[in-house]
Each structure stands twice: as C-alpha cells, then as structure tokens.
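K.L.:
Sequence and predicted structure are below.
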Amino acid sequence: QVQLVESGGGLVQPGDSLRLSCTASGRTLSTYAMGWFRQTPGKERDFVAAVDRSGDNTFYANSVKGRFTISRDNAKNTVYLQMSSLKPEDTAVYYCAAATSLITIMTATPNIPYWGQGTQVTVSS
C-alpha cells in the first residue's frame, strides 16, 4: 500500500507557473511508475504526464507538451509537476497516481490502484 498526498495547487493568472508535488508514504516510491491526471466537473479524468520508476523516461499529453515537466526524487519519495505558460483551460483538479506498470499509468486509468486526493489548480485573470 502507498498513500499519496498532493500539494501546491492554487489560483494563478494566465502565463504564470506553478509546481505541484506528490509525496508518498507507506512504500518506497521507486517501486512505482507515477503519473499526473486532471479532471474538471462532469468530465473524465484525463492523463497529463507520466514518469517511469527511474525518472529517465517521461511522457506527456499533447495538450501540455512543452509547457509541463514531470520529475521525481525517489530519495524524497516525491513526484513533481512543473507547469508553465498556464492557460485557463488548464484549470482542473490535479491528481497524482501510482502503479507498478508504466503502461497502466498511460493507458489503463481505471486499473490504477493508488490515487491522491487531488489539488485544485485555477488559472484565471
């Protein structure tokens, strides 16, 4: 079992940057591939970014490619999502997720076993 806690959300203006953190407890984070997802009311939870166990390989949704960066510090049991050039359409609740398989993170959202509670990001002028 692993428990995930997100932090760093807030209200920012278009064009601003924000860094989300996801800290794990219960098991060593290096055991898991990690991902970030986001969800707006009435819509499905969408994939944003993923990183493999080592941190050497990262993947992004087309909508955030070039603006968001996922990284991890296994020594701190923490995964980050650095968001820049934020747009109003980035407004959502952001969730971090953990699974032993990177493929599960990227393609099988319903099968992801571990989720954080979410953190709200609002981009508005």
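P.N.:
Nice, thanks for sending it over.
K.L.:
for stretch 33-48, the distance to its chain's centre please.
P.N.:
Computed by CA atoms, centre = their mean, to the nearest Å, the separation of stretch 33-48 from the middle of its chain amounts to 8 Å.
K.L.:
Correction: the previous question concerned stretch 59-66.
P.N.:
Put simply, stretch 59-66 sits 12 Å off its chain's centre (CA atoms, centre = their mean).
K.L.:
Tell me which residues of that stretch come out buried.
P.N.:
If you call a residue buried by 16 or more other CB atoms under 10 Å, then stretch 59-66 has these buried ones: 59-61, 64. Placement of C-beta: from N, CA and C, glycine included.
K.L.:
and the residues you listed, which of them are in strands?
P.N.:
Among the buried residues of stretch 59-66, DSSP state E puts 59-60 in strands.
K.L.:
now the buried residues of stretch 59-66 in CSV, with pLDDT and distance to Arg27?
P.N.:
Output for those, formatted as CSV (pLDDT from 0 to 100; distance: CB to CB, whole Å):
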residue, pLDDT, distance to Arg27
Phe59, 97, 23
Tyr60, 97, 26
Ala61, 97, 27
Val64, 98, 28
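K.L.:
could I get the buried residues of stretch 59-66 as a markdown table with distance to Gly9?
P.N.:
Conversion of the buried residues of stretch 59-66 to a markdown table gives the following (distance: CB to CB, whole Å):
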| residue | distance to Gly9 |
| --- | --- |
| Phe59 | 22 |
| Tyr60 | 19 |
| Ala61 | 18 |
| Val64 | 16 |
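K.L.:
residues in contact with the spatially most central residue of the chain?
P.N.:
Geometric centre of the chain, nearest residue: Trp36, 2.1 Å, by CA atoms, centre = their mean. Trp36 sits next to 20, 22, 48-50, 68, 70, 79, 81, 94-97 when contact means CB atoms under 8 Å, 6 or more residues apart in numbering.
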